[in-house]
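1. Below are the sequence and a predicted model; questions follow.
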Amino acid sequence: MQVLVTGGGGFLGRYICEQLVARGDRVRSFGRGAYPELTALDVETVRGNIANLSDVSDACQGAEVVFHVAARPGTYVQPQPYHETNTVGTQNVVDACRRHGVSRLIYTSSPSVVFAGVDQTNIDETTPLALEWLSTHRSFYSHSKALGEQIVLAASDEQLRTCALRPHLIWGPRDQHLIPRLIARAKSGRLRRVGGGKNLVDMIYVENAAAAHLLAADALAGEDSPVAGKAYFLSQGEPVNCWEWIDEILSLVGLPPVQKSISQTAAWRVGVVLETVYRVLGLSGEPPMTRFLAAQLATSHWFDISAARRDFGYEPSVSTAEGMRRLGEWMNENASEPRA
């Protein structure tokens, strides 16, 4: 089938493209840049701006299925870029799908859309979106993704069947964000354990996250699909101790465990100060700490994935141990000074 992947040149998007190509689908990627690695896979690449409806509409033409993976991540304190990319961009994707008769739309959401600053243990999809908390605490990424999820799920009908997937902490080879920054902070001595270090978190190996997207798309093919109009948590199926896992990642490149710590309360206060400074001065970077980040790093958040198992047969085929082995190989083969 003809498939469009928005953000196909990104971390998760590229794995989705690879798996689609491997099974024989015709794949088009939509994004801002040129991606030679996709061209080498015979993926058609279309350049444009997700916030521009005309660009998105051109990319959707002829597609039967759309995977909307493109998003602006991070903890910047200015809301407009998130609104334009993650909310307006998602509405553009829905509108373009309708214009061109796309029958299935799979949206990459985030478990952080339901995060309200406290422990969440084994929660399921009945947990409501935390729009008010996220807005109040200026988590513009999560807030904009929650609004995007609402747009996508509300659009589901007989002509356009939609679903939203919430993979948590995607990791693996080729990651250019989470793990490189973690390593850089550890090497510079700026990495601190936040809280008591006992919090459990879910995460997901990138190939498992990509495979879940294909499974959900296939399940949406049926007219009476149980997947249509629903959101699903995705993970490895068992939580890990957040800080022990971070220490394990550091050990893959010969770095010692995290030694220094800061309380959640102190980290929260630092976040308040830094958010204010960045906002008032109009600084363009990401603050090293925010209130949302302090809460995420100190609390437990793991999820019941039985709905994904039941409705579209998701199982993490790559174990955490095997994923860590592959990650270690890649990190050592591509050893360079990661960015801070």
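-> Ah, there it is.

2. Show me the strands in the stretch 101-250 of the chain, by range?
-> Secondary structure of the stretch 101-250 of the chain (DSSP state E, counting those that start in this stretch): strands located at 104-108, 120-123, 161-167, 170-171, 193-194, 200-201, 204-205, 230-234, 240-241.

3. Out of those strands, the one nearest residue 330 is which?
-> Nearest to residue 330 among those is strand 170-171; the distance by CB to CB comes to 11.0 Å. C-beta coordinates here come from the backbone N, C-alpha and C atoms, glycine included.

4. What is that closest one packed up against?
-> helix 178-188, strand 204-205, helix 206-219 (3 or more CB pairs under 8 Å, 6 or more residues apart in numbering; DSSP states H and E).

5. follow-up on the earlier one: the strands of the stretch 101-250 of the chain: which one's closest to residue 332?
-> Closest among the strands of the stretch 101-250 of the chain, using CB to CB: strand 170-171, at 15.9 Å.

6. List the strands paired with that closest one, with their directions.
-> Here strand 170-171 is paired, per DSSP bridges, with strand 204-205 (parallel).

7. The partner strand - what's its average pLDDT?
-> Mean pLDDT, strand 204-205: 98.

8. From the chain's centroid, how far away is that strand?
-> From the chain centre to the centre of strand 204-205 is a distance of 11 Å (CA atoms, centre = their mean, to the nearest Å).

9. Also stretch 306-325?
-> 16 Å.

10. I'd like the mean pLDDT over that stretch, please.
-> Average pLDDT, stretch 306-325: 98.

11. Any buried residues in that stretch, and which?
-> Neighbour counts using 16 or more other CB atoms under 10 Å place 307, 308, 311, 312, 314, 316, 318, 320, 323, 324 of stretch 306-325 among the buried residues.

12. residue contacts, the last one?
-> In this case it means residue 324. Residue 324 sits next to 248, 249, 252 when contact means CB atoms under 8 Å, 6 or more residues apart in numbering.

13. The nearest residue to the first one once chain neighbours are set aside: which element?
-> The reference is to residue 248. By the measure of CB to CB, 6 or more residues apart in numbering, the closest residue to residue 248 outside its immediate chain neighbours is residue 324, 6.6 Å from it. Residue 324 is part of helix 320-333, with elements assigned from DSSP states H and E.

14. so where is the chain shaky, pLDDT-wise?
-> Along the chain, the parts satisfying pLDDT under 70 run over 336-340.

15. Is it possible to get a markdown table of the strands of the stretch 101-250 of the chain that adds distance to residue 68 and mean neighbour count?
-> Shown next, in a markdown table, are these (distance: least, CB to CB, whole Å; neighbours: other CB atoms under 10 Å):
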| stretch | distance to residue 68 | mean neighbour count |
| --- | --- | --- |
| strand 104-108 | 5 | 28 |
| strand 120-123 | 24 | 15 |
| strand 161-167 | 9 | 26 |
| strand 170-171 | 16 | 22 |
| strand 193-194 | 32 | 22 |
| strand 200-201 | 25 | 20 |
| strand 204-205 | 18 | 28 |
| strand 230-234 | 14 | 23 |
| strand 240-241 | 29 | 16 |
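
16. Save these as CSV, and put in distance to residue 212 too.
-> Formatted as CSV, the strands of the stretch 101-250 of the chain follow (distance: least, CB to CB, whole Å):
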stretch, distance to residue 212
strand 104-108, 9
strand 120-123, 18
strand 161-167, 6
strand 170-171, 11
strand 193-194, 29
strand 200-201, 18
strand 204-205, 8
strand 230-234, 5
strand 240-241, 19
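
17. Figure out which of those strands is closest to residue 264.
-> strand 193-194 (6.0 Å).

18. quick one: residue 292 and residue 9, what's the gap?
-> For residue 292, the distance to residue 9 equals 27 Å [CB to CB, to the nearest Å].

19. Spell out the secondary structure type for the residue lying closest to residue 309 once chain neighbours are set aside.
-> Closest residue in space to residue 309, ignoring its immediate chain neighbours: residue 315 at 6.6 Å, by CB to CB, 6+ apart. Assigned state for residue 315: coil (three-state reduction, DSSP: H, G, I helix; E, B strand; the rest coil).

20. From residue 239, how far off is residue 315?
-> To residue 239, residue 315 is 17 Å away according to CB to CB.
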